[in-house]
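Asks: Prediction below, plus the sequence it came from.
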Amino acid sequence: MGSPISPVIANIWAICIWHFEKEALRETLKKPEVWFRYVGDIFVIWRLGKADLRKFLIFLNNQNPNIYFITDIEENFPS
């Protein structure tokens, strides 16, 4: 990130990811209740069950061969 062009590339990448998210969330039938992204991390609240979450993850990973999603699932989160 020391190169003078790094901020420009980071901004272009952010716009590409924003477009990817917009299109992917528009095309899917079952959507997360909450979707927040910060740089390379995405926070999602999913209340539709594990099977549908796996299908959603497969759907996302099939949208672009250069973008790959993985999950960390928190269960029984204390209220």
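Replies: Nice, I can see it.
Asks: And the longest helix along the chain, what's buried?
Replies: The residue-count maximum for a helix in the chain (DSSP state H) belongs to helix 6-27. Going by neighbour count (16 or more other Cβ atoms under 10 Å), the buried part of helix 6-27 is I17, E21, A24. C-beta here means a position set from N, CA and C on the backbone, and glycine is covered the same way.
Asks: what sits up against it?
Replies: Contacts to helix 6-27, defined as Cβ atoms under 8 Å, 6 or more residues apart in numbering, come from residues M1, K31, W35, R37, F59, L60, Q63, N64, I67.
Asks: From those residues, keep the buried residues only.
Replies: L60.
Asks: Could you work out the most separated pair of the contacts of helix 6-27?
Replies: Longest distance between any two of the contacts of helix 6-27 is 33.1 Å, between M1 and K31; criterion Cβ to Cβ.
Asks: what's the helix or strand for the spatially most central residue of the chain?
Replies: Centroid-nearest residue in the chain: I42, 5.3 Å away (criterion: Cα atoms, centre = their mean). Here I42 is covered by strand 41-45, with elements defined by DSSP states H and E.
Asks: Tell me which residues are up against that strand.
Replies: The contact list for strand 41-45 (Cβ under 8 Å, 6+ apart) reads P32, E33, V34, W35, F36, R37, F69.
Asks: Now for the first one: which residues touch it?
Replies: With contact taken as Cβ under 8 Å, 6+ apart, P32 is in contact with V44, I45, W46, F56.
Asks: quick one: contacts for the third one?
Replies: Meaning W46. For W46, the set of contacting residues under the criterion of Cβ under 8 Å, 6+ apart consists of P32, E33, D52, L53, F56.
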